[in-house]
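*Asks:* Predicted model and sequence below, questions to follow.
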Amino acid sequence: MVPGIEHGRGAAVWQASEENALFEKYEVGKLLGCGAFAKVYHARNIRSGQSVAIKVINKKKISSPSMIGNIKREISIMRRLHNPHTMTLHEVLATKTKIFFVMEFAKGGELFAKVAKGRFSEDLSRKYFRQLIYAVGYCHSRGIFHRDLKPENLLLDENGDLKVSDFGLSALTDQVRQDGLLHTLCGTPAYVAPEILSKKGYDGAKVDVWSCGVILYVLTAGFLPFNDPNLMVMYKKIYKGEFRCPKWMSPDLKRLLSRLLDTNPETRITIDEITEDPWFRKGSKGKLKFYDEFLEINKEEDPSNRSASCLNAFDLISFSSGLDLSGLFDGASSSVTDSERIVVDSAPEKVIERIKGFAAAEKIRLRKRKEWGVDLEGQNGKFLANVEVYRLTDGLVVVEGRRTAGDPEMFRESWRGKIMPAILNRSENQASGSC
């Protein structure tokens with residue numbers, strides 16, 4: 001039972017007592033939705049009065065390593081998103097049995113509920129489609145591919161503006177294989193791109209564009225472009241791109257849909273090309289301020305342009321032993337999670353150079369994982385670890401060493417007796433402290 005909720009007939013009701021509130025911070029109200037692994041409740045921040053949505057995940061239902069990975073990935077993705085048309089994750093809380101995602105509350109509900117009442121005009125469809133492309137383009141620029149775009153995952157705020165939600169099936173660029181493609185089969189059947197069905201790998205950005213095309217069709221037609229009671233028949237229609245546009249659609253809209261629902265991902269329209277399309281830009285004078293100016297702002301905000309990884313509030317939470325989300329899954333995975341961390345007054349590149357020097361002196365094999373991360377392997381496989389460097393402030397970095405395999409005691413002895421002194425380079429009087 002979630003604290004602060006009365007279970008009985010009808011919707012749950014607000015609890016006025018702060019003592020009964022969730023973490024003494026949120027009054028939890030009615031149930032908004034229920035899935036296989038989570039429930040979403042409307043709630044209110046007691047101190048600020050702000051309405052929020054709280055997604056409650058039962059740990060017992062996510063015991064498999066793949067599901068655990070999805071939860072961690074969803075947190076990692078949502079903490080990257082700061083956009084008017086994507087849902088905001090305020091904080092992540094946890095008890096011994098549950099995980100709580102505290103998110104922004106979309107008062108207008110699902111876009112699906114509105115289009116289910118009847119198709120939209122092209123002008124209204126254009127408004128939502130523009131906001132959808134704005135959000136999807138932003139996600140792609142941050143290395144995030146949604147992979148489950150559909151009207152049920154598009155919410156509306158109190159002003160009627162669109163918010164993309166549910167990043168549980170999303171992928172990051174680091175999941176792309178050496179062939180440059182993603183390979184996980186996922187998505188909702190009616191919205192899935194044909195290249196996913198071929199099982200040969202796919203480009204995450206291009207399958208999102210396909211799903212945007214299906215959404216635009218649904219908004220303007222009032223029904224799905226590919227549909228059949230027999231799932232295999234529907235998949236054949238998708239694979240062949242067999243759909244018809246209703247006669248009420250304008251020629252420009254039909255032309256755009258044909259490019260969005262192009263079965264060849266190589267010739268399918270791109271996000272940048274969509275923003276130049278006549279139907280998309282109809283009614284706008286010159287530049288579309290909401291999209292074009294965003295592109296320039298986003299270049300400045302993109303963390304990939306920084307010289308080293310930076311820590312935000314969610315990183316610091318995960319580094320805290322009291323709130324370490326990886327600890328929520330103890331016993332659920334056999335993976336090794338021993339880790340040590342230190343704060344160092346040094347530049348990231350200097351830390352990496354010191355680690356390389358240590359590896360060379362100890363005859364330990366070193367493999368670069370990314371710009372500020374390395375894998376270490378030595379002692380005939382008895383010692384395996386990776387080291388990551390995160391920028392904390394302009395003058396400080398956090399260095400995390402994590403045992404990936406091998407003897408735990410050997411890892412701790414090597415870290416504290418050799419690696420940490422090498423990183424600190426005490427002869428230079430580097431300031432340090434435990435994290």
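*Replies:* Looks like it arrived, so ask away.

*Asks:* got any ranges where this structure has weak pLDDT?
*Replies:* The chain contains residues with pLDDT under 70 at 1-20, 285-338, 370-371, 379-383, 392-395, 426-435.

*Asks:* So which residues of it form helices?
*Replies:* With helices called from DSSP state H, the chain shows them at 65-78, 111-115, 122-141, 194-197, 204-221, 231-240, 251-260, 271-274, 278-281, 289-301, 313-319, 348-362, 408-414, 420-424.

*Asks:* Turn the ones you listed into CSV, columns for distance to Asp375 and mean neighbour count.
*Replies:* To be clear about C-beta, it is placed using only N, CA and C from the backbone, and glycine gets the same treatment. Below are the helices of the chain laid out as CSV (distance: least, Cβ to Cβ, whole Å; neighbours: other Cβ atoms under 10 Å):
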stretch, distance to Asp375, mean neighbour count
helix 65-78, 19, 17
helix 111-115, 44, 18
helix 122-141, 29, 21
helix 194-197, 32, 20
helix 204-221, 26, 24
helix 231-240, 41, 15
helix 251-260, 42, 17
helix 271-274, 35, 16
helix 278-281, 45, 17
helix 289-301, 30, 12
helix 313-319, 20, 15
helix 348-362, 10, 16
helix 408-414, 13, 16
helix 420-424, 16, 19
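
*Asks:* For His42, find the nearest of those helices.
*Replies:* Of all the helices of the chain, helix 111-115 sits nearest to His42, with 15.7 Å by Cβ to Cβ.

*Asks:* got a list of contacts for the closest one?
*Replies:* Helix 111-115 has contacts (Cβ atoms under 8 Å, 6 or more residues apart in numbering) with 120, 128, 150-152, 154-156, 162, 218-219, 222.

*Asks:* Which segments of the chain make up each domain?
*Replies:* For the chain, automatic domain parsing gives the domain ranges 18-104, 109-301, 336-434.

*Asks:* before we move on, back to that, okay if I get the helices of the chain as a markdown table plus distance to Gly378?
*Replies:* Converted to a markdown table, the helices of the chain look like this (distance: least, Cβ to Cβ, whole Å):
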| stretch | distance to Gly378 |
| --- | --- |
| helix 65-78 | 27 |
| helix 111-115 | 55 |
| helix 122-141 | 39 |
| helix 194-197 | 41 |
| helix 204-221 | 36 |
| helix 231-240 | 50 |
| helix 251-260 | 52 |
| helix 271-274 | 46 |
| helix 278-281 | 56 |
| helix 289-301 | 39 |
| helix 313-319 | 26 |
| helix 348-362 | 7 |
| helix 408-414 | 8 |
| helix 420-424 | 14 |
